[in-house]
Structure formats: structure tokens, C-alpha cells
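A.B. asks: Any chance you could fold what I've pasted below:
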Amino acid sequence: MSGVRVLVGTRKGAFILTSDGARKNWDVSGPHFAGWEIYHLKGSPADPNRIYASQTSSWFGQVLQRSNDGGKTWAPAGNKFAYHGTPGTHLWYDGTPHPWEFARVWHIEPSLTDADTIYAGVQDAAIFKSTDGAQTWEELEGLREHRTAGQWQPGAGGLCLHTILIDPTNPKRMFIAISAAGAFRTDDGGQSWTPINKGLTSAQIPNPTAEVGHCVHRLAMHRSRPNVVFMQKHWDVMRTDNGGESWHEVSGNLPTDFGFVIDVHSHEPETIFVVPIKSDSEHFVPDGRLRVYRSKTGGNDWEPLSNGLPQQDCYVNVLRDAMAVDSLDSCGVYFGTTGGQVYASADAGDHWMPIVRDLPAVLSVEVQTLSA
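C.D. replies: Residues are numbered from 1 along each chain as shown. Predicted coordinates:
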């Protein structure tokens, strides 16, 4: 029977949760890197034994770790992330120039076909590529040297490149999102980038329909439809059907359209999941009730999913990288909270159960589907 491995990054270490295809009983391994912030763990689609982890501390800075045995053992990978060319500046909150500074790796995205090729999205916003299993890194400087880069401003979490989506039909085509600059697409492997923010509006910026400056929280796509991308923005849930050339809102009947996560059912490309958060000043779920919302129509029509989730006195947040789906026949959905819970549903959200409780605040959740 196939199984799953859930990779959880937290404020104080990493945890690996493993189950068979029934997804009822779980083995818990961790904490790995106890005491360190683990911003993101991601397994290679090309090799189920390969896992990468972004490890950060205020004392020792950024360390990238690699496992070749499914997380049983780890070794430091290459950790030299140097901006290419002239560093330049971007705008700070008050509009003054601020030099580009490297802080951490926010997101790791392995190639779909090659376990040794991996991309890293960092703060301040840039994208790096490795072709030797994360031993050495090269910046794809076309992004940070884009003509609009001087206008980018940091979101509340910093100027972070937090999402990388690779087109399954064309590895040179990728989508990325930056808070707070917006979404961009490359069609040539990262040499050049196009802002894809037409249709986005943001009341928080001087020009609400500007080409860049929008605070995008997360992007998601289904492997079968790389031109259809869903977005959870600072406010608004959005959709594009033409690779980002234009977006339209699909928030519909959500109780609030503010949130961080968004994901797509592994077998139903029109079924999407979000977790609404009360507001940008109150980062917790509305009414003290933790509910995942599901649309089976690609947006606008949403239903709350709460069976097995706390419906009273719950005030947690679900961060942008903290939801994932597996690819088993009955699609599993997983998410983690800032309260340290990781929830799983083996039936696409109809029923939920906590895999673990009382972890440190969860920063990221990813899933590897394991063959028998």
C-alpha cells in the first residue's frame, strides 16, 4: 500500500510524519534541528529519499540541509547565496531606498524530474538555482535586476520570494510570487521575467492598479492545467486562465477574503482550498472557528469544512506555506497552525483529524506520496 510523508517546518525544529495509505495512524519523527526555525522542507518529486530543509537562526544565520534517506540523517548543503552584480536598492515602507540584503531562504522548489536541480526563493526577494543537489548556487539575476525592482517594498514578513511554481509541461516556465511586489512569470528558465499582475487591485498602495507592489500571499496550480493559476492575495482570492496575463476575483461567498494559503485538489483541478483569516490586523480565524473552505467550481461558490476542527475559542493562523495535498486516490489535504497543530483529511476535507498537537508554531507543510 502506498503511504505519505508529511514534512513540517516549525519555529523550533522540523518534524516528519509518516503513515500508510489509510492515513489514520502516524509515526512522528523529530524534532530535527531542535531549536532552529525551519522555514521550509520540501521533498524531491524525482527521488522520494531526497529532502531539503531551510534552517535559520539569529545566531548562525541561514543553513540549507539535505537528506538522502527520507529525513533519517542530514548534512549541510551549500550555503553561499551571493547576489549577482551590483546590489542596488528597493523601496522601504516610507519610500526611502534600502539596500538588498540576504536574510533567509523562504521557499525551496526541487525540479519535477531531476533530484539535483533545485530553486530557492530568498529574502530580500531573489531566486537562486542549483544543479548539483544544493551544493553550489547561482542567482537568476534577471528577476532582481528587473526594471521594476526598485519599486518593490517589503510586506510585514519582509521582502520575501515565497512561492515558486514550475510548469510540468515546460521546465523553463515558472511562476513566482513576492511580498510585496506581486507575481511574475519566466518563459526562458529565469533569464527574463514578466510582471503578471493585471487585474489585481490593492488599496494599500498609492496606485491601486500598479504594475507591481501588490502583496501576493500564495499561488497554486494543478499539474494538468499550467495556465490556470489560483492566488490568495493580501485581500482577494484570484484566478487566471491565461498564465497570468489577466486575473479575476473568485472570493465569492467566503466570510473574509483575507488569508495566506491556497491549494488545489490533486485530481480535481476545479477544486481549491483556502483558510480565511479575519483580517490583516487580526491574524486568526473568524469567530474563533477553524474552517477550511472548499470550492468545487474553481472559485466564487465556497463551502465551509469543519468536521473534526475546533469550532470554539480557536484563534490560530495558517501561514502561506502551511498547506499541502497528496496524490493518493482519495486526495489527502494537510495543514498546520501557529498553535502547533497539524490536521489531515483523507477525503479531500470532508473529515479532519489532528496528526499532532502542541508543536511549535507551524511555518510550512509539504507532502511526499510514497510508493509501496
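A.B. asks: switch to C-alpha atoms for all contacts and neighbour counts from now on
C.D. replies: Will do.
A.B. asks: Mind checking what secondary structure residue 150 has?
C.D. replies: helix (DSSP: H, G, I helix; E, B strand; the rest coil).
A.B. asks: Without its sequence neighbours, what residue ends up closest to residue 198?
C.D. replies: Among residues not flanking residue 198 along the chain, residue 246 sits closest, at 5.0 Å (CA to CA, 6 or more residues apart in numbering).
A.B. asks: ok, the one you found touching residue 197?
C.D. replies: Yes: shown here, residue 246 and residue 197 form a contact pair, counting by CA atoms under 8 Å, at 7.0 Å.
A.B. asks: Between the two, point out the one with more neighbours.
C.D. replies: residue 197 (23 against 15; other CA atoms under 10 Å).
A.B. asks: Okay, and that one sits in which element?
C.D. replies: Here residue 197 sits in a region with no helix or strand, counting by DSSP states H and E.
A.B. asks: mind checking pLDDT for it?
C.D. replies: pLDDT for residue 197: 97.
A.B. asks: Tell me which residues touch it, please.
C.D. replies: For residue 197, the contacting residues are 182-184, 211-212, 214, 244-247, by CA atoms under 8 Å, 6 or more residues apart in numbering.
A.B. asks: Could you export those as JSON lines, including distance to residue 167, pLDDT and secondary structure?
C.D. replies: Shown next, in JSON lines, are the contacts of residue 197 (distance: CA to CA, whole Å; pLDDT from 0 to 100; DSSP: H, G, I helix; E, B strand; the rest coil):
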{"residue": "182", "distance to residue 167": "18", "pLDDT": "97", "secondary structure": "strand"}
{"residue": "183", "distance to residue 167": "15", "pLDDT": "98", "secondary structure": "strand"}
{"residue": "184", "distance to residue 167": "13", "pLDDT": "98", "secondary structure": "strand"}
{"residue": "211", "distance to residue 167": "23", "pLDDT": "93", "secondary structure": "coil"}
{"residue": "212", "distance to residue 167": "22", "pLDDT": "95", "secondary structure": "coil"}
{"residue": "214", "distance to residue 167": "23", "pLDDT": "95", "secondary structure": "coil"}
{"residue": "244", "distance to residue 167": "13", "pLDDT": "97", "secondary structure": "coil"}
{"residue": "245", "distance to residue 167": "16", "pLDDT": "96", "secondary structure": "coil"}
{"residue": "246", "distance to residue 167": "18", "pLDDT": "97", "secondary structure": "coil"}
{"residue": "247", "distance to residue 167": "18", "pLDDT": "97", "secondary structure": "coil"}
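A.B. asks: Buried ones among these?
C.D. replies: Among those, the ones that count as buried by 16 or more other CA atoms under 10 Å are 182-184, 211-212, 214, 244, 247.
A.B. asks: about what we covered before: distance check, the residue nearest to residue 198 against residue 262.
C.D. replies: 19 Å (CA to CA, to the nearest Å).
A.B. asks: likewise residue 125?
C.D. replies: 21 Å.
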